[in-house]
Each structure stands twice: as structure tokens, then as C-alpha cells.
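> Please work out how this folds:
(chains A, B, C, D, E and F)
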Protein chains: 4
Amino acid sequence: MTAGSPSVGRPRSERARVAVLHAVDDLLVDVGYAAMTMKNIAERAGVGRQTVYRWWATKAEILFEACVEDAGRELASEPGTTTVSDIANFLAALAEFLSTSPAGAAYRALLGEAQHDPAVAVLLGTVDVLGLGARPVLQRAVDRGDLGPGAVGEDAVAVAVLVGPLVYRALTGATTDAVSLDELAAAAAESLRRLG
Amino acid sequence: MTAGSPSVGRPRSERARVAVLHAVDDLLVDVGYAAMTMKNIAERAGVGRQTVYRWWATKAEILFEACVEDAGRELASEPGTTTVSDIANFLAALAEFLSTSPAGAAYRALLGEAQHDPAVAVLLGTVDVLGLGARPVLQRAVDRGDLGPGAVGEDAVAVAVLVGPLVYRALTGATTDAVSLDELAAAAAESLRRLG
Amino acid sequence: MTAGSPSVGRPRSERARVAVLHAVDDLLVDVGYAAMTMKNIAERAGVGRQTVYRWWATKAEILFEACVEDAGRELASEPGTTTVSDIANFLAALAEFLSTSPAGAAYRALLGEAQHDPAVAVLLGTVDVLGLGARPVLQRAVDRGDLGPGAVGEDAVAVAVLVGPLVYRALTGATTDAVSLDELAAAAAESLRRLG
Amino acid sequence: MTAGSPSVGRPRSERARVAVLHAVDDLLVDVGYAAMTMKNIAERAGVGRQTVYRWWATKAEILFEACVEDAGRELASEPGTTTVSDIANFLAALAEFLSTSPAGAAYRALLGEAQHDPAVAVLLGTVDVLGLGARPVLQRAVDRGDLGPGAVGEDAVAVAVLVGPLVYRALTGATTDAVSLDELAAAAAESLRRLG
DNA sequence: AATTAATCGAGACGGTACGTCGGGTCTTTAC
DNA sequence: GTAAAGACCCGACGTACCGTCTCGATTAATT
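Numbering: from 1, shown residues only, chains lettered A, B, ... in the order given. Now for the predicted structure:
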């Protein structure tokens, strides 16, 4: 059908694939991004070094694959009854993601690496990780009439207004308590209304 | 005067110091942060390798020193007549800083590295680079009565609300045009009023 | 007939066998022994890698098989009318073999590898490649009474006296012209007479 | 005087140099040439890997340096009173060298590698290791009138006649006892006289 | 004809050495 | 005592080959 070789030769080992993805998650927590090398990823996964290189070019690619799907699930917040509560729910999920989740730690590491390596910037550009969580919230706000339809456009600033403050605090090492989160949600709602 | 040897032996070479700081700026632009090594910093500066290590422990420290003073000057925006125009002036300066200035590139690189290396996170925490630019704006808003006095507190979210959206867009590679900047300024003003 | 499975299942592919032996010869000429790997032997032969390993354990074994029979034929020199001319004929064949023949190149490579790997030394010891060519010459000299009967014994030095000089020159990269060959033949005859 | 930088920077460590040469000798005996890698040479010598590569390109170069001087000393046999006894002394030294000496083992390994790698063949061609031992013997024979003066020429076959048989036996794993050595000496003397 | 079993080409698997590069330290001479 | 030069030991890089394994597909002799 598609490829030239549908099933010639030994098939890829699913065991090795998941072992690598798990190893990356573990190492990010245990030793941090900088000390995480292709060598010890392979060792931690109990996998040959070449097997890692065969499927991923860099540790950023592995981390990205390990991050994306988890991010989608963890950022899918409960819809609220009002726009403000909807936003509050999302910001709570986002704060949790950024400060606690392994996938969030991977995202922060990747966003950091993207500042050093254009290839990683391109990689991150392929999936709008936080936008995928934020856009449903914005769409519901548009549907309620609380936000102009331009706010969910491709390059709209609405996503940045929504997630930017929390991301900035996460990257600078600040933590955000529940009270501040509610304040931020109210402020963001006000801000977004102004963008409509 | 004070310690055992205040000025015995050859004094530190000012020539070497500025050569290193300039070399770091040049290399960040020419080859990027990742490809910038202590070795080629020393070579570009025409300086011995040990001379670099004698005064800075890591390339992040050099970059930080090269970045801070420029940042202070470049982020000192013109006070506007109203809070909204004041904020607009600041956001314009911030956008310029993040997207164009060498010091801004250094800041982004350092913020990225801080996600990988706790020591760099601590280093960045010693000077609130963007906050130093944002706080005068917020203070003037408080003075005008447009913002509650709590907004300029130590750990207040106001700074994050002000700079977060633009920082997020800069880190994810998005550019922000003048029109969007004005929208953001208006939205931020609204948002901040809500925090008061 | 004999073992558990005399001829059940698919029989060994003769096509694959000769393809491998030819590939080894070609590669030895094209890229040399060191750059000749089991991987590119299989590729050059258009054969699976496992198929090579199924029948030969090392590239030395393949080369040995490819070498032995050719060596026997190429070293079977024309008997001369006198011992000196007999020896001269043999030395001419030997010089040709060592310097020009693919089988000779294989022999030199194997003799070289035997210095690094005891298993190859054992392998080479199973067939006295040059001795098989030299012994008929020596036997005829014994029959003529030009040489004592001990010279064709198992561990006699006569073979070494006969082939050693040319082998040494071949291994050290020296070439030997026709005039020198005749001198060597006369000298060897003299030398062998002395061993009787 | 000579080079552009007579003594700038840290000087080469003599300790490291001899440690590497000794490590190579030890490893050749302990594990053999094939299993002797640049990696374990460095480890055995207690030296960084880069330090090895800084001064030698291949393990063959190291072995060559470790071999040459020892070879000169070990092959410098006692002059005998007659040409036959002179040759006998040399052949005894040569047999000892080839079968027992570490330097001889190195020589055999290098001669083997030269069959696989043209660069090693060139390297070996720079110093006529065995010839340096054999030529004095031949020269004395010429002086005695037992050998024509052409025998000590650049490309003369006399050296090969002298050392070839023993080298061939050494490379093929044969050992040569004292009785055979004396026979070989007498035969070689006869053979060389014929070359005069 | 159907079954059985060893072969075939292909290619992924876990390992390990390669030669290079950057890390941070040290040891020289020159200033 | 700093500066410039450069060698030191260390370890990760990405590549290549090792020898083994697991596939689907052949290919004959045996049922």
C-alpha cells in the first residue's frame, strides 16, 4: 500500500520503544535534562545505543514524543459553567501541569532547549502543546459571546494572554497558589473580553 | 589594604574582560548558545582558556554579566501620559528587547538554560531582569490609582500578567506586530485593574 | 542417512555459496582485508547476513575456502629436467602466486591475520598451502639423489628454505625480478644439497 | 631555533609516553594484537584517550615505536670467527627474537597488519627492522671474501635468503630447534656463497 | 496435494570500539 | 600573580560492525 517494505525484516520492538520513553521520563526527574545523555537513556532503558539513534535523532525528539500525548490529556480541563470558571479550571490544570507533571517538566525542558537549538524550536512548532489545551476554553468563550471570534484564529494573541503569565512564572521558578490562580483567571477573562 | 594581597602581582586585564564579554555576544549571534563553548569563547576573545575560568565558572555567568546592564537600559521605557499608553510603551520596548536585542537573545538563552540547570535558575533569580523594567510602570499605575498597591509586592502576579504573554510568544517563536501590541496593552491594563 | 536430518527441508543454496566466495575475492581486491566486513560481504553477494554466518564463522574461513583450491592449482609447477630448473619453475610460480594471484593475496591476508588471531593460525595450520606446492619439487630432488630423504619429513626446514625468501620479500612489499629468481633457485638448490 | 614554538604551553608528559609504550607491550602479550584497542591501551597506561591520539594515529604506530629500538639491540649478534659461525650466531638471535621477545611479537603483528593495511606497510618500510640486524653479518662476509659485494646492495635478495626461512617458520607457527638452526646456518652460508 | 522443516533475504536487536570534541585542570614561559 | 599556550584525564558524541534474533517467503522431501 504505502511504504516500499510493509513487513520485511524483523519488526520494530515495541518493548524497546516504550522502555526508551519511560527511561527519558525517569531520567528527566532523576538527573535533569542536561545530565540526560543518549548513552544513559539507552542504558536505563536496557537498550542498545544504536536502537535509540535508529528511531530518534536527539534526546529532544524522544522527550517530545514522551510529552505530547500526556500533555493533551492533562491539559483537557473540565468545562466550567461560566467563562471565568472555565478559565479557572484550565489555569488550575495548567499550573498543575507546569509545576508537577513529568510531561510538564519535559515541556519546560524542551521550551528551554528550543532557545538554544533551532531544530528543537521547529520540532516544538509542529504541535502547539499548550494551545491544544487552551483553544477549547477560548472556543467556548466565543460560543458564549464573551470573546470575539478572531481570538481563536491561527496566530491570535489570546492563547498567549491565557497561558503566558503562568508559563512565565513557571520558567522563572515562581509558584502560584490557588488564590492567585483565581485572581489570574478573573484578570484573564477581563483581558480576553477586551481583545474581542 | 584589606586582605593578604590587595594588589600584588599582575593586575587583572581589563582588555581580557571586555574581550570575553564581546566574544560571548558575538558568538551567541553567530553560532547560537549550544555551539558556544568555553573553548571558542576564549579563542574568539584572543584569551587563554584558564583566564576565562579564573573569572567566570560557566558560559551562563558570562552571558548573564553581558546581559544585565544592557537589559536595564533597553527596558527603561518612556513614561506615558496614561496607564494604557505607559504600558504600551513598555510592551513595545519589551517586544523589541526580546525579538531584536542581543541582550534579549542572551536573556532567552539563559531562561532556556535555567530549565536544564538549577545553578543557572539561581543565577537568574538574583536579578529580576524583566521585573526591573516592569515595576516602574506598575508603580506609576499604582500612583495614578489604576492599580492596587499589592500589585507591586515581592511575589505579585502583576509582573507576570504584564510580561508573560509577550515572553511566551517570544519563546515559542511567534512575532507580535504593532497592532497586536496595542491590543495587548489595552488588555493588560484591563487585566491589571482587575487585580487591584 | 547419518544424523537426525540428512536432507529434510530446503537444501543449501549453491548460488549463495559461490556468490559469497566470489564476493570475498572481489572485496579483497577492491577494498582490502581490513575494510572487508561480514556485512559488506553479504551485501556484495546479494545474500542475507545470517546465510553467511550459517556456513562460515569468520571472514578468514571464507577466504581460506576461496583460497585453498586455487592455490593448489597455481602452485603446481611444471617439473624441470634438473633440480635447479625444477626449483626455478616452482619459484617462478610461487612469485606469480604471491604477487599477482587473488588466491595469493588471500594467502598473504590470512598469514597476516594468523599473527593476530590464534584461531586463524590453527585454520592455516590445517592445510600447508605452500608446502603442498613445494613438496613435489623436493620429492623429485630426493628421487634424483640431490637431497637427503629427511628433507621431505613432516617438520623439515627444507620447505622454509625453499619458500621463505620469496615469502619474506612478498610480505615486506619487495618485488623479485626474473634474474633474481634464477639466482634464488641456484642458491636454494645449493642450500638444499647442504641439508641432505 | 627550529620550530615555531620552542617551549610554549605545557610540555609533553614523558610519563605518559613511556606508560603508553609499556601498555602496548603488555597488552600484546596479555590479549593479543586484535583485542588490543586504543581504548584499553589508554586505560592500561592510565592515560586519557585523547593523549594517545595526540601523539600516535594508530595502534600500529605505537607498536612500531615500541618495537624498533628493542629490535636493533636484540638482533645485534656476536660476530663469529667464520662466516658460518657468524651466520649461526645471527640466526640464533633472530630465532630468539621471533619466537620469544616481546619486540619480536610486535614485529610479527606489524608484519601481519601490513598485509591488511597499506599505511602499516609504508610504516614498516621506513625501517628495515630485520635488515638492520642482517646487514652487518653480510658485510662481514663480504669483507672476508665469502660473498660478492652486490649482496649488501639496497634491494639485494641476500637478506631475504638469510632471514626468510626463519621468518616463514615463525609466521606459520613452526618452532626451530638448535640443531636445525645450525643446519640452516650452513645451508644459508652455502646459498649466499652462490649469490656472490 | 498437504505437511513439514530447514533454508533464504531482510533488517532490528543489544553490544562495543571507533575517532572527535568539549569539559575543567595542570604546568610551562613571559610579562 | 596574571596572561597565553597547550597538554593532561575524562566522558559523551554519532557511526560502524559485531554476532544474534525474528520476521515472511521459499523450496524440497515426506507424508
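> Tell me how many other residues crowd the residue in chain A positioned nearest to chain C.
As assessed by C-beta to the nearest C-beta, chain C sits closest to residue A:9 within chain A, at 9.9 Å. Any C-beta I mention is one placed from the backbone N, CA and C, and that applies to glycine too. Residues lying near residue A:9 (other C-beta atoms under 10 Å in any protein chain shown) number 7.
> Quick check, pLDDT for it.
If you check residue A:9, the pLDDT there is 88.
> Outline the domain layout of chain A.
Domain assignment for chain A, taken from automatic domain parsing, gives A:14-56, A:62-195.
> Make a markdown table from those and add mean pLDDT, distance to chain C and mean neighbour count to it.
Output for the domains of chain A, formatted as a markdown table (pLDDT from 0 to 100; distance: least, C-beta to the nearest C-beta, whole Å; neighbours: other C-beta atoms under 10 Å in any protein chain shown):
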| stretch | mean pLDDT | distance to chain C | mean neighbour count |
| --- | --- | --- | --- |
| domain A:14-56 | 96 | 13 | 16 |
| domain A:62-195 | 94 | 27 | 20 |
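> Is residue A:95 in contact with residue A:181, as I believe?
Yes - contact criterion C-beta atoms under 8 Å: residue A:95 and residue A:181 qualify, at 6.0 Å.
> how close does residue A:106 sit to residue B:139?
Look at residue A:106 and residue B:139: by C-beta to C-beta, to the nearest Å, they are 38 Å apart.
> With adjacent residues omitted, what lies nearest to residue A:82?
residue A:144 (8.0 Å; C-beta to C-beta, 6 or more residues apart in numbering or on different chains).
> nope, residue A:130 is what I meant
residue A:163 (4.9 Å).
> which residues sit in contact with that neighbour?
Residues in contact with residue A:163 (C-beta atoms under 8 Å, 6 or more residues apart in numbering or on different chains) are A:94, A:130, A:134, B:168.
> Centroid-nearest residue for chain A?
Among the residues of chain A, the one closest to the centroid is residue A:129, at 4.2 Å (C-alpha atoms, centre = their mean).
> what sits against that one?
A:67, A:68, A:71, A:75, A:107.
> Among these, which ones lie close to DNA strand F?
Counting by C-beta under 7 Å from any atom of the strand, nothing from those sits close to DNA strand F.
> and which of the residues you listed is nearest to DNA strand F?
The shortest gap between DNA strand F and any of the contacts of residue A:129 belongs to residue A:67, at 18.4 Å (C-beta to the nearest atom of the strand).
> Could you check which helix or strand contains that closest one?
Using DSSP states H and E, residue A:67 sits in helix A:59-74.
> Please name every helix or strand in contact with that helix.
Helix A:59-74 is packed against helix A:14-30, helix A:38-45, helix A:83-99, helix A:102-114, helix A:118-126, helix A:129-144, with contacts defined by 3 or more C-beta pairs under 8 Å, 6 or more residues apart in numbering or on different chains; DSSP states H and E.
> same for the fifth one, what does it pack against?
Yep, that's helix A:118-126 we're talking about. Contacting helix A:118-126 under the criterion 3+ C-beta pairs under 8 Å, 6+ apart are the following elements: helix A:59-74, helix A:102-114.
> Is there proximity between the shortest one and chain B?
Yep, that's helix A:102-114 we're talking about. Yes - residues of helix A:102-114 contacting chain B under C-beta under 8 Å from any C-beta of the partner chain: A:108, A:109, A:111, A:112, A:113, A:114.
> Any figure for the gap between the third one and residue A:164?
Just to be clear, that refers to residue A:111. 12 Å.
> cool, and the last one?
Noted for residue A:114: a distance of 16 Å to residue A:164, by C-beta to C-beta.
> again with the first one
Applying C-beta to C-beta, the value for residue A:108 to residue A:164 is 14 Å.
> ditto for residue A:107
On the measure of C-beta to C-beta, residue A:107 and residue A:164 end up 14 Å apart.
> Might you name the residue of chain A sitting closest to chain D?
For chain A, C-beta to the nearest C-beta, closest residue to chain D: residue A:39, 14.9 Å.
> For that residue, which residues are in contact?
With contact taken as C-beta under 8 Å, 6+ apart, residue A:39 is in contact with residue A:49.
> Which residue, other than its chain neighbours, is closest to residue A:65?
Nearest non-adjacent residue to residue A:65, counting by C-beta to C-beta, 6+ apart: residue A:21, 6.5 Å away.
> ok, now which ones touch the one you found?
Each residue near residue A:21 by C-beta under 8 Å, 6+ apart is listed here: A:62, A:65, A:66.
> Repeat the analysis, applying 10 Å as the threshold.
Contact analysis of residue A:21 by C-beta atoms under 10 Å, 6 or more residues apart in numbering or on different chains lists A:41, A:45, A:56, A:62, A:63, A:65, A:66, A:67, A:69.
> Could you tell me which residues touch both of residue A:95 and residue A:181?
residue A:166.
> neighbours around residue A:13, how many?
Residues within reach of residue A:13, counting by other C-beta under 10 Å, total 12.
> now the spatially closest residue to it that is not a sequence neighbour: how far from residue B:84?
Once flanking residues are discounted, residue A:13 sits nearest to residue A:51: 7.7 Å by C-beta to C-beta, 6+ apart. Distance of residue A:51 to residue B:84, given as C-beta to C-beta: 57 Å.
> quick one: contacts for residue A:143?
Applying C-beta under 10 Å, 6+ apart, the residues near residue A:143 are A:83, A:149.
> Write out the residues of chain A neighbouring DNA strand F.
Contact residues, chain A versus DNA strand F (C-beta under 7 Å from any atom of the strand): A:7-11, A:37-40, A:49-50, A:53, A:58-59.
> which among the residues you listed gets closest to residue B:31?
residue A:58 (17.7 Å; C-beta to C-beta).
> Do you know the pLDDT at that closest one?
On pLDDT, residue A:58 comes in at 97.
> And for the one 3 residues further on?
In this model, residue A:61 is scored at 97, pLDDT.
> burial measure for it, as a count.
Residue A:61 has 16 neighbours, counted by other C-beta under 10 Å.
> Quick check: closest non-adjacent residue to it.
Here the residue nearest residue A:61, using C-beta to C-beta, 6+ apart, is residue A:123, at 6.7 Å.
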